[in-house]
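Enquirer: Model the structure of this input:
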Amino acid sequence: MNARRIRRIARRQEYLLARKRGGRTRWGSGAGPMKEDVGDTVALAQCKYTEKDSIVLRLADLRKVHTNAAAENRLPYMELFFRRQNPLENLRVYVVFEAEFDKFFPQGGEGCESADGFVLGERHSGVTWTS
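Expert: Coordinates of the predicted model:
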């Protein structure tokens with residue numbers, strides 16, 4: 001696979017995530033002052049993509065997204081995209097840190113509210129969790 005095709009697919013992944021989250025892709029993706037790939041008013045994301053059965057996730061990458069998000073007072077996460085020949089088999093996995101996970105899913109399910117004030121389910125697809 002050539003480098004141009006990989007860049008095109010990676011940019012498409014960032015664009016789709018930004019559109020889904022209501023955010024923006026970030027020019028340079030870490031090459032300049034704008035760190036990480038996608039940002040919105042609440043979170044900062046790093047995107048990784050592969051067509052293989054596994055993906056390398058380094059501790060340094062996790063620390064970097066966490067540090068950059070903390071500097072902007074945003075929630076850090078990573079999107080891992082496993083691309084397949086059959087688009088129905090594509091898989092997107094999200095990696096979040098324990099502290100951020102606990103904010104969205106507190107013990108006992110009480111007060112399941114995101115940092116931006118939305119009760120899960122109002123803005124996010126899936127089950128509505130209200131107390």
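Enquirer: what are the ranges of the helices in this structure?
Expert: Listed in chain order, the helices of the chain (DSSP state H) span 3-21, 59-71, 98-104.
Enquirer: Put together TSV for the ones you listed, with distance to residue 78, mean pLDDT and mean neighbour count on each row.
Expert: (C-beta placed from N, C-alpha, C; glycine too.) TSV is the format used below for the helices of the chain (distance: least, Cβ to Cβ, whole Å; pLDDT from 0 to 100; neighbours: other Cβ atoms under 10 Å):
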stretch	distance to residue 78	mean pLDDT	mean neighbour count
helix 3-21	11	83	14
helix 59-71	6	89	14
helix 98-104	11	81	13
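Enquirer: Relative to residue 91, tell me which of those helices wins on proximity.
Expert: helix 3-21 (12.3 Å; Cβ to Cβ).
Enquirer: Below-threshold pLDDT in the protein: ranges please.
Expert: 1, 27-35, 108-131 (pLDDT under 70).
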